[in-house]
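**Q** please find the sequence and the predicted model below.
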Amino acid sequence: MPEDRRFYGRRKGRPLRKGQQHLIDTLLPSLAIELPASGKLDPRALFPNQPTQLWLEIGFGGGEHLAEQARTHPDVGLIGCEVFLNGIATLVGQVSALGLSNVRVYPEDARDLLETLPDGSLDRLFLLFPDPWPKRRHWKRRIIRDETIAAFARVLKPGGSVCFASDIADYAAWTLEHFARAQDFVWTAARAADWKNPWPGFVATRYEAKAVRAGRVPTYLVFARK
């Protein structure tokens, strides 16, 4: 994949603590998703118990949202995509501490996973405070693009949803514009002020807290698959 098409930034931050590295070495291999060499992935087969629904979070950061959703919805299979090793280590620590069996991780580019998922296999998809790539020359790296929205439409069931949050007004407008011209989605806002309020069941993240402390107002958008 060409370097300038990445929608993620760095892969590693400060050195992991000894306990984190131990979990990466011992627990992550049982959670990590390996894509098939050919054909489609069976996402339900990733979990020991048959999940009632499958949810995907792209760019889970520190994993607090993903872990809490898994804890409060033990019947749902949660798949998280993240390339930042330190964030993966934090999530794996939460999986271990909470004894979660319904979490799986894809530690590479989410688009590769999307390509291998069967049509209509997901019930919900989360994009929480993705990198806005604010410089115009980097806009091509934003994950919200016509081709990724088309991929979301393919893997979501009818009635499934994309839940998006951002503290960057320009990126929120960009997202609304792109979904507005997508034939397969409808914005579910019942009234104009809905974008100011999180959707039911929303779990706050460290990125949201950081944005609020900085005086930025988050935008919350939900798009339903027609």
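**A** Alright, I've got the coordinates.
**Q** which residues touch Pro198?
**A** Shown in contact with Pro198 (C-beta atoms under 8 Å, 6 or more residues apart in numbering): 165, 204, 220. Any C-beta I mention is one placed from the backbone N, CA and C, and that applies to glycine too.
**Q** who wins for neighbours among the residues you listed?
**A** Ala165 (26 neighbours; other C-beta atoms under 10 Å).
**Q** so that residue versus Glu82, what's the distance?
**A** 16 Å (C-beta to C-beta, to the nearest Å).
**Q** what comes up buried for the least confident helix or strand in the chain by mean pLDDT?
**A** Least confident helix or strand, the chain: helix 206-213 with a mean of 85, by mean pLDDT, DSSP states H and E. Neighbour counts over helix 206-213 (16 or more other C-beta atoms under 10 Å) mark 207-208, 211 as buried.
**Q** how about stretch 117-129?
**A** Buried-residue list, stretch 117-129, by 16+ other C-beta under 10 Å: 117, 121-129.
**Q** how near is Arg137 to Val155?
**A** Arg137 is 30 Å from Val155, by C-beta to C-beta.
**Q** neighbours of Gln50, how many?
**A** Gln50: 9 neighbours (other C-beta under 10 Å).
**Q** can you give me the pLDDT of it?
**A** Here the pLDDT value assigned to Gln50 is 93.
**Q** before we move on, what SS does the nearest residue to it once chain neighbours are set aside have?
**A** Spatial nearest neighbour of Gln50, chain neighbours left out: Arg44 (6.3 Å); criterion: C-beta to C-beta, 6 or more residues apart in numbering. Here Arg44 takes the helix state, with states given by DSSP: H, G, I helix; E, B strand; the rest coil.
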